[in-house]
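1. pasting the sequence and the predicted model now:
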Amino acid sequence: MDIARDFSTVNRKERMRLSSRGLPHRPAAERVGDFEDVVIPPDPEWAVYEAGRCIHCADPAPCRKACPAHNDISYALWLIEQRHFIEAARVYRQTSSMPEICGRVCPHEQYCEGACVRNKTGEPVLTGALEAFTTDFERKNGGVKLQVPYPTGRKVAIIGAGPAGLACAERLVQCGHWVTIFDLRPAPGGLLTYGIPNFKLPKTVVMDWWKDLERAGVAFVGNSYVGKTKTINDLFSEGFEAIFIGVGAGVDAAMDVPSETLPGIFKATEFLIRTNVAPEILPPEMRQGPITGRKIVVIGGGDTASDCLRTALRLGFEQVTCLYRRTEKEMPGGRKDRDLAREEGAQYQFLTQPVVFHPGPDGRLSQVECIRMELGEPDAKGRRRPVPVEGSNFMVEADTAVLALGYWPDPIIGATTPGLKTHKWGLIITDPDTGTTSRMGVFVGGDVVTGPNLVVTAMVAGRRAASTIDAYLY
């Protein structure tokens, strides 16, 4: 159903007077008691009203230009206003492989919502929530079915079942190719399943989307560590004609401070997997007892740190504190997640740098020795450098600590693939416009190229590489 857009009757002045009703959340005291979605599912009336706040800027609208996927947001919101929710969802699916996911986890305030002209006089249109609403509505009222043509017989292997790999698979299977995804974890999803907590992205949303791919013919091989259990050359020998690498950047950065390996200290990945993933899809090495304690510190300032703080609150920790060496202004993580964490009870100590972990009589973590920091001159990225304040050391009591310091790529694929050029600790060198690499038939996209980035940028890279792969196979 192709519905013409007609913005000629839009009264922009009147729409500018409409204030947002906000996205409804469960009360903080209630939501910290479980790991369920914190968002109260909005109803159609909410969606129609919120979409009706859009003033429909001239195309390309600022929100569309700011979106890494370049979703036609204005047209989608126009359809929502007319109650054509399924048609709106299909507009998003024209440019995005996972709008139901991006509508939940993208930092919209930095992209589409941040570019909304309504910010000049008030609150932006809640474009992300509307994207999630329409695609949820579509799935509940008709379902999602990928159109698959007659098989071409061409075989493609995808390494990594995260956003980049799954988006690449979605495009390739719709070209008629046979696609098999290999992943280190037991279940598909990558970061979506094993990194983002359920209260932020329900696992049912990820698994429903995976089922779409499975029904379309995409195969999944879990517990497969390419580079160890088999190599890129092995996959070519098995008959795959093209290979896409979308393994992300999943190696936790270390702090390199004394006593970092004390019992009670966790890397963010282990902490989130052990506390947020169902036992039946846990990696064997993480099937241990529950993580418990009274006082926990989370070290870092990104979205992963926010996820760890909010997870700790749900585990029942009495005191949950974030330690960050700069001020809140320099924090790379999204503001919305920090606001939710504060509502739920998290505390923040800024300009604070841990320097030593101290054990108690039982050998477990007991205290974190920190030093105060002050901001000096800007670094290469424009952020002011944190400088230690001499003699300002102090102790923070904690029986548990989580290191959420960022991620590095796993260098094993580069090390085991002849002819594949890498740089910067294992990041794979590629043509950003095509996803091609120095090795014929090998393509790449996502965080293993850029370093830690966003779900949406990895998804876009996977889609772009799929187009290149399809052309390569012919």
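-> Nice, thanks for sending it over. Numbering: from 1, shown residues only.

2. residues in contact with the closest residue to residue 195 other than its chain neighbours?
-> Nearest non-adjacent residue to residue 195, counting by Cβ to Cβ, 6 or more residues apart in numbering: residue 272, 5.9 Å away. Yep, even glycine has a C-beta here, placed from its N, CA and C like the rest. By Cβ atoms under 8 Å, 6 or more residues apart in numbering, the contact set of residue 272 is 194, 195, 197, 304, 307, 308, 311.

3. where does residue 272 land on pLDDT?
-> pLDDT, residue 272: 97.

4. same question for residue 338.
-> 96.

5. what ranges does the stretch 201-350 of the chain have for its helices?
-> 203-216, 232-237, 268-276, 303-315, 335-344 (DSSP state H, counting those that start in this stretch).

6. which of these sits closest to residue 61?
-> For residue 61, the closest of the helices of the stretch 201-350 of the chain is helix 335-344, at 22.0 Å, according to Cβ to Cβ.

7. next, the angle helix 303-315 makes with that closest one.
-> Put simply, helix 335-344 runs at 20 degrees to helix 303-315, going by axes from the mean of the first three to the mean of the last three Cα atoms, to 10 degrees.

8. list the buried ones in the helix ranked longest in the chain?
-> The residue-count maximum for a helix in the chain (DSSP state H) belongs to helix 455-473. Buried residues in helix 455-473, counted by 16 or more other Cβ atoms under 10 Å: 455-466, 468-470, 472-473.

9. just checking, what packs against it?
-> Here helix 455-473 touches helix 99-105, helix 163-173, strand 242-245, strand 442-444, helix 447-450, going by 3 or more Cβ pairs under 8 Å, 6 or more residues apart in numbering; DSSP states H and E.

10. pick the most deeply packed of those.
-> helix 163-173 (a mean of 29; mean count of other Cβ atoms under 10 Å).

11. by contact count, what packs against that helix?
-> When contacts are defined as 3+ Cβ pairs under 8 Å, 6+ apart, helix 163-173 sits against strand 155-159, strand 178-182, helix 203-216, strand 242-245, helix 455-473.

12. how far off centre is the longest strand anywhere in the chain?
-> Ranked by number of residues, the top strand in the chain under DSSP state E is strand 365-378. Offset of strand 365-378 from its chain centre (Cα atoms, centre = their mean, to the nearest Å): 28 Å.

13. extract the C-alpha set from it and format it as CSV.
-> The C-alpha coordinates for strand 365-378 follow below in CSV (Å, rounded to 0.1, in the frame of the first residue of the first chain):
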residue,chain,number,x,y,z
LEU,A,365,37.9,-7.3,47.2
SER,A,366,37.3,-5.0,50.2
GLN,A,367,38.3,-1.5,49.2
VAL,A,368,39.2,0.5,46.1
GLU,A,369,41.9,3.1,46.5
CYS,A,370,41.2,6.1,44.3
ILE,A,371,42.7,9.4,43.5
ARG,A,372,41.0,12.7,42.7
MET,A,373,41.4,14.1,39.2
GLU,A,374,41.1,17.5,37.6
LEU,A,375,40.7,18.3,33.9
GLY,A,376,43.7,19.5,32.0
GLU,A,377,44.2,20.3,28.3
PRO,A,378,42.1,18.6,25.6
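
14. buried residues in that strand, which are they?
-> For strand 365-378, by 16+ other Cβ under 10 Å, it's 365, 366, 367, 368, 369, 370, 371, 372, 373, 375.

15. adjacent strands (with direction) for the helix or strand that it is followed by?
-> Per DSSP states H and E, the first helix or strand lying C-terminal to strand 365-378 is strand 384-388. Strand 384-388 has these partner strands in its sheet, going by DSSP bridges: strand 365-378 (antiparallel).

16. avg pLDDT for the longest helix of the chain?
-> Helix 455-473 comes out at a mean pLDDT of 98.

17. report the angle between it and strand 155-159.
-> Going by the same axes, to 10 degrees, helix 455-473 makes 150 degrees with strand 155-159.

18. A strand includes residue 70, no?
-> No - under DSSP: H, G, I helix; E, B strand; the rest coil, residue 70 falls outside any strand and is assigned coil.

19. pull the number of nearby residues for it.
-> 15 (other Cβ atoms under 10 Å).

20. again with residue 420
-> 18.

21. could I get the contacting residues of the residue nearest to it when sequence neighbours are not counted?
-> Excluding its sequence neighbours, the residue lying closest to residue 420 (Cβ to Cβ, 6+ apart) is residue 439, at 4.5 Å. Applying Cβ under 8 Å, 6+ apart, one finds that residue 439 lies in contact with 232, 417, 418, 419, 420.

22. repeat for residue 201
-> The neighbours of residue 201, taking Cβ under 8 Å, 6+ apart as the test, are 101, 104, 105, 192.

23. separation between it and residue 105?
-> Computed as Cβ to Cβ, to the nearest Å, the residue 201 to residue 105 distance reads 5 Å.

24. check residue 203 too.
-> In terms of Cβ to Cβ, residue 203 sits 13 Å off from residue 105.

25. for the residue nearest to residue 90 when sequence neighbours are not counted, what are its contacts?
-> Excluding its sequence neighbours, the residue lying closest to residue 90 (Cβ to Cβ, 6+ apart) is residue 138, at 7.5 Å. Taking Cβ under 8 Å, 6+ apart, we find residue 138 in contact with 85, 86, 89, 90, 144.

26. likewise for residue 80?
-> Going by Cβ under 8 Å, 6+ apart, the list of residues near residue 80 reads 47, 48, 51, 88, 130, 133, 134.

27. domain assignment for this protein?
-> 12-140, 155-250+409-473, 251-406 (automatic domain parsing).

28. quick one: average confidence on the helix or strand residue 48 falls within?
-> Per DSSP H and E, residue 48 falls inside helix 44-51. Helix 44-51 shows a mean pLDDT of 98.

29. got it, and stretch 277-287?
-> 90.

30. would you list the phi and psi of residue 218?
-> phi -70, psi 130 (degrees, to the nearest 10).

31. hmm, it is touching residue 174, no?
-> No - between residue 218 and residue 174 there is no contact, the gap being 10.3 Å when judged by Cβ atoms under 8 Å.

32. these two: which is more packed in?
-> Neighbour totals were compared for residue 218 and residue 174, and residue 218 leads with 25 against 17 (other Cβ under 10 Å).

33. separation between the more buried one and residue 179?
-> 5 Å.

34. please apply the same query to residue 278.
-> For residue 278, the distance to residue 179 - Cβ to Cβ - is 26 Å.

35. neighbour-wise, which of these two wins?
-> Neighbours per residue (other Cβ under 10 Å) separate residue 278 from residue 179, with residue 179 holding more: 28 against 10.

36. ok, the more buried one - contacts?
-> 156, 158, 169, 172, 173, 217, 218, 219.

37. repeat that for residue 245.
-> By Cβ under 8 Å, 6+ apart, the residues touching residue 245 are 159, 160, 413, 428, 437, 442, 443, 444, 445, 448.

38. noted, bye for now.
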